[in-house]
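Trainee: Everything below, folded, please.
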Amino acid sequence: MPNAGWWEALWPAPAKVLSSVGLTSGMDVVDLCAGDGWFTLEIAVLAHHVVAIDLDEKLLELARVRLAERGIANCDFVAGNAYDVDKLVLEPVDFVFMANAFHGVTDRLKLAHAVQTVLKPAGRFVIVNWHQRPREQTPILGEPRGPRTELRLSPDQTSEAVGRLQNVAGSRSAALSLWRCFRIRLIIYGRIIDLPRGAERLGNLKEARHEVHCFDAIR
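Mentor: Residues are numbered from 1 along each chain as shown. A predicted model of the protein is given here:
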């Protein structure tokens with residue numbers, strides 16, 4: 001887990017990222033694989049209630065301190081596996097946010113199913129991925145950063161991993177479908193860029209380090 005200076009360089013405006021993907025005031029939110037709370041803090045500023053989940057209890061304690069220093073008390077910190085989100089979260093939520101972690105999920109269908117279970121009707125699952133470029137092309141503070149090149153997912157891989165729920169469940173009512181017909185939003189130096197449908201075929205963009213995928217639950 002990078003230090004705070006690294007996070008600040010990577011995500012200088014986390015609140016803008018969150019607002020761009022539809023987080024609004026009063027929502028109930030899960031920050032999945034929350035780490036030390038860099039996004040959790042900004043989520044909690046807007047949300048009605050947040051559940052921050054991570055395997056690492058030490059990182060969750062850092063997140064707890066981060067929020068306490070701002071006087072924010074609307075967040076529960078839960079140590080647990082992301083696959084168990086449907087067991088760890090007791091009430092349906094509006095929004096599940098997962099940043100910088102989906103590439104490390106080995107059973108993506110299992111995770112997507114667990115997330116779908118905890119979402120309210122029309123709830124949203126947001127995945128922020130490292131863009132599929134060679135690791136040496138995504139430097140932060142002068143050093144290559146992010147997952148190994150071979151772990152990075154293409155837009156189609158992310159879409160297929162979550163979208164397969166419809167086929168497995170056998171009915172539209174249990175599916176997750178991509179928001180806005182699978183429009184990808186690239187994050188370029190903290191600025192959100194909407195690409196039209198099909199633009200993912202353009203492949204690697206020099207300035208892009210991350211991309212955002214928004215899935216809406218259908219009931």
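Trainee: which residues in the chain form strands?
Mentor: In the chain, the strands defined using DSSP state E lie at 28-32, 49-54, 75-79, 93-99, 119-130, 139-140, 143-144, 176-178, 185-188, 191-194, 208-217.
Trainee: Tell me which helix or strand in the chain has the weakest average pLDDT.
Mentor: Using mean pLDDT, DSSP states H and E, the weakest-scoring helix or strand in the chain turns out to be strand 176-178, at a mean of 37.
Trainee: per-residue pLDDT, residue 126?
Mentor: On the pLDDT scale, residue 126 is placed at 90.
Trainee: and it, how many neighbours does it have?
Mentor: Using other C-beta atoms under 10 Å, residue 126 has 23 other residues around it. Any C-beta I mention is one placed from the backbone N, CA and C, and that applies to glycine too.
Trainee: For beta bridges, what are the partners of it?
Mentor: Here residue 126 sits in beta bridges with residue 97, residue 214, as judged by DSSP bridges.
Trainee: Residue 101 is in contact with that one, correct?
Mentor: No. Taking contacts as C-beta atoms under 8 Å, residue 126 lies outside contact range of residue 101: 12.0 Å.
Trainee: burial count for the closest residue to residue 89 other than its chain neighbours?
Mentor: Counting by C-beta to C-beta, 6 or more residues apart in numbering, residue 89 lies nearest to residue 118, which is 4.8 Å off, once chain neighbours are set aside. By the criterion of other C-beta under 10 Å, residue 118 has 23 neighbours.
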